[in-house]
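Student: can't give you the sequence, but here's the structure:
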């Protein structure tokens, strides 16, 4: 190549010795008649070399040789992008320019892009399929994934600087991880949807210079799973009736809590009672109840706790609907059970007395007295608001007969009957009253029922004495304790009437007994005092 540029009239070019001295940058090597000329890596420009031709006699000539090294574009070099990780429900950002060099272009002129590694899809599919086989699938997939449900990983990349990996199951997109590169700052940001996680996911980052040359490196990304607490949605308002119990399986509450990491069945449930409504949970069954006769609105607290102790709390409003309560229990008072009624002509009113009932709603009460056994000529059902009545039924009673009586009470919605049914019998004969004979001497001892009975303040006690002797009449309370001796003296044969004044004895309303003893005669009667 150089022979044409040297002239030696005495020697052929091939016998000349050639020396090429390198310049400041460009250097040469001559081997076996071949000249190798080169410059430092990535250098370009103009340099001057010296070329010396020497003949066999040592005579020489020297010239200069100007060489131009033309610039050639070099690709960017992308290296050492570190494998990285971040926790689920968060994001990660860093500058890609820290991991690229370009000898020919400013880094700001580079253009970055990203793509999923060839095995990224396979890794996610394998992870989910293994979870299926081992039944360790996250709760957020449990409703979608069965053992034969296909798991698809879809890459969506509308822009080379933006990539999204979607997990798609049974036609439903669930989770994804997104990679976004800012075109100006070259900062890459990894964002995962709520609760997404995955490990060893490869992403390839490519830097391209204005000349179209590029370099690339692979990053391995891991999104670390983090346990999330259960999250409640609003529990619907619920109601049940007063004096009833609401019973339901705990599983009915499952649709109102979301735990992406745990199944509802492994959560611990606590239901805290309100001011009135209380609950008991046993064997997965919830029993909800309120105090007797209470109704209204109360608020409970429901707590769901996962195995790691994370919990969420919500309120649950319960309405206890009012239900009418029947009138309360009450008892019969007079005439007492198994009493004997003396039939008298002319007849006098017969007194019936019972205790008061009560109504929780304070409704007005109506009582109905019912007497069984009387001829149909007399209406034996009498309705009134009072708890006592005097009725003329003597003319309809037969001697030596038994009659039942009881009382019903109603608040016009519900009806209740007296706790017991009393009966009374009538005397063997009808006594005619109104004719007195002071010369008649009784031939028996008798102690009559006081009249009136029940009484308020004053009542009369009649008795007969057949022969002279000591007579005592004493008053006892319902427990048999003696209260006072009314009579204690010798009395002659005859008819006697004793008037009892309760106000002087300081008696309280109630049932009492009076006892008469005369000779071998001993008789006890019951009296009722009503203030």
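Tutor: Nice, thanks for sending it over. Remember, it's a predicted structure, so these values are computed and weren't measured experimentally.

Student: what pLDDT does residue 371 get?
Tutor: The model reports residue 371 with a pLDDT of 91.

Student: Assign a three-state SS to it, would you?
Tutor: strand (DSSP: H, G, I helix; E, B strand; the rest coil).

Student: which regions of the stretch 401-531 of the chain sit below the pLDDT cut-off?
Tutor: 428-440 (pLDDT under 70).

Student: Helices along that one, start to end?
Tutor: Taking DSSP state H, counting those that start in this stretch to define them, one finds helices in the stretch 401-531 of the chain at 502-505.

Student: Pull out the buried residues from stretch 19-38.
Tutor: For stretch 19-38, burial by neighbour count (16 or more other C-beta atoms under 10 Å) applies to 20, 22-23, 26-28, 37. (C-beta placed from N, C-alpha, C; glycine too.)

Student: can you check stretch 64-79 too?
Tutor: In stretch 64-79, counting by 16+ other C-beta under 10 Å, buried: 65, 67, 69, 74-76, 78.

Student: sorry, back to before: mind checking which of the buried residues of stretch 19-38 are in helices?
Tutor: If you go by DSSP state H, these have nothing in helices.

Student: Just the ones of those in strands?
Tutor: Counting by DSSP state E, those place 20, 27-28, 37 in strands.

Student: Can you give the strand pairings for the helix or strand hosting residue 390, parallel or anti for each?
Tutor: Residue 390 is part of strand 388-391, with elements assigned from DSSP states H and E. Sheet pairing of strand 388-391 (DSSP bridges) gives strand 350-354 (antiparallel).

Student: which stretches of the protein have low pLDDT?
Tutor: 119-158, 161-175, 195, 344-346, 375-379, 428-440.

Student: Let me see the domain layout of it.
Tutor: Using the TED database, the domain ranges for the chain come out as 3-69, 77-129+148-224, 231-321, 331-427, 446-529.

Student: So which bits of stretch 510-523 are buried?
Tutor: Within stretch 510-523, the residues that qualify as buried are 512-518, 521, counting by 16+ other C-beta under 10 Å.

Student: should've said stretch 317-333
Tutor: 317-318, 320, 325, 327, 330, 332-333.

Student: How about stretch 228-247?
Tutor: Those would be 228-230, 232, 235, 240, 242, 246, for stretch 228-247 by 16+ other C-beta under 10 Å.

Student: can you tell me which residues contact residue 352?
Tutor: Shown in contact with residue 352 (C-beta atoms under 8 Å, 6 or more residues apart in numbering): 334-335, 369, 388-391, 405.

Student: That one bridge partners, please.
Tutor: Going by DSSP bridges, residue 352 forms beta bridges with residue 389.

Student: could you dump the buried residues of stretch 510-523 to TSV with distance to residue 443?
Tutor: TSV is the format used below for these (distance: C-beta to C-beta, whole Å):
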residue	distance to residue 443
512	30
513	27
514	23
515	22
516	17
517	19
518	14
521	12
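
Student: Where strands are concerned, which of the residues you listed count?
Tutor: Per DSSP E, those map to strands at 512-518, 521.

Student: and which of those is nearest to residue 103?
Tutor: Nearest to residue 103 among those is residue 512, at 124.9 Å by C-beta to C-beta.

Student: Skip the chain neighbours and tell me the closest residue to that closest one.
Tutor: residue 527 (5.3 Å; C-beta to C-beta, 6 or more residues apart in numbering).

Student: buried residues in the helix or strand harbouring residue 341?
Tutor: If you go by DSSP H and E, residue 341 is part of strand 339-345. By 16+ other C-beta under 10 Å, the buried positions in strand 339-345 come out as 341, 343.

Student: Mind checking which of the buried residues of stretch 317-333 land in strands?
Tutor: Counted as lying in strands by DSSP E, out of the buried residues of stretch 317-333, are 317-318, 320, 332-333.

Student: most neighbours, which of the contacts of residue 352?
Tutor: Highest neighbour count within these: residue 335, with 23 neighbours (other C-beta atoms under 10 Å).

Student: burial count for the spatially closest residue to it that is not a sequence neighbour?
Tutor: Closest residue in space to residue 335, ignoring its immediate chain neighbours: residue 424 at 5.0 Å, by C-beta to C-beta, 6+ apart. Residues lying near residue 424 (other C-beta under 10 Å) number 21.

Student: rewinding a little: mind listing what the strand holding residue 341 pairs with, with the direction of each?
Tutor: In the sheet, strand 339-345 lines up with strand 422-432 (parallel) (DSSP bridges).

Student: and residue 15, what are its phi and psi?
Tutor: Backbone geometry at residue 15, expressed as degrees, to the nearest 10, gives phi -100, psi 0.

Student: Surely it touches residue 57?
Tutor: No. Residue 15 lies out of contact with residue 57 (C-beta atoms under 8 Å); the separation is 10.6 Å.

Student: Quick check: the gap between residue 497 and residue 518.
Tutor: Counting by C-beta to C-beta, to the nearest Å, the gap from residue 497 to residue 518 is 15 Å.

Student: and the residue lying closest to residue 237 once chain neighbours are set aside, bridged to which residues?
Tutor: Once flanking residues are discounted, residue 237 sits nearest to residue 317: 4.8 Å by C-beta to C-beta, 6+ apart. Counting by DSSP bridges, residue 317 is bridged to residue 299.

Student: Using CSV, lay out the buried residues of stretch 317-333 together with distance to residue 490.
Tutor: Below are the buried residues of stretch 317-333 laid out as CSV (distance: C-beta to C-beta, whole Å):
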residue, distance to residue 490
317, 81
318, 77
320, 71
325, 60
327, 54
330, 46
332, 40
333, 37
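
Student: And those, which is closest to residue 348?
Tutor: residue 333 (19.3 Å).

Student: what's the nearest residue to that closest one if we skip its chain neighbours?
Tutor: Using C-beta to C-beta, 6+ apart, the closest residue to residue 333 is residue 353 (4.3 Å).

Student: To what extent is that neighbour buried, counted in neighbours?
Tutor: For residue 353, using other C-beta under 10 Å, the count is 19.

Student: Correct me if wrong: it contacts residue 528.
Tutor: Yes. When contacts are counted by C-beta under 8 Å, residue 353 is listed as touching residue 528 (7.1 Å).

Student: Could you tell me which residues touch both of these two?
Tutor: 333-334, 454.

Student: what sits against residue 103?
Tutor: By C-beta under 8 Å, 6+ apart, the neighbours of residue 103 are 42, 74.

Student: Spell out the secondary structure type for it.
Tutor: coil.

Student: Please give me every residue in contact with the residue nearest to residue 444 when sequence neighbours are not counted.
Tutor: Nearest-residue entry for residue 444: residue 466, 5.6 Å, with adjacent residues in sequence omitted and distances by C-beta to C-beta, 6+ apart. Contact partners of residue 466, counting by C-beta under 8 Å, 6+ apart, are 441-445, 493.

Student: Can you tell me which of those are buried?
Tutor: Once neighbours are counted (16+ other C-beta under 10 Å), the buried part of the contacts of residue 466 comes down to residue 445.

Student: Spatially, which two of the contacts of residue 466 are the most separated?
Tutor: 441 and 445 (12.4 Å).

Student: middle-most residue in this protein, spatially?
Tutor: Residue closest to the average C-alpha location in the chain (C-alpha atoms, centre = their mean): residue 302, at 3.4 Å.

Student: mind checking which helix or strand that residue is in?
Tutor: Assigned by DSSP H and E, residue 302 belongs to strand 296-305.

Student: can you put the ones in strands among the buried residues of stretch 317-333 in JSON lines and add distance to residue 88?
Tutor: Output for these, formatted as JSON lines (distance: C-beta to C-beta, whole Å):
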{"residue": "317", "distance to residue 88": "34"}
{"residue": "318", "distance to residue 88": "37"}
{"residue": "320", "distance to residue 88": "43"}
{"residue": "332", "distance to residue 88": "76"}
{"residue": "333", "distance to residue 88": "78"}
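
Student: Ignoring the adjacent residues along the chain, who's closest to residue 110?
Tutor: residue 207 (4.6 Å).
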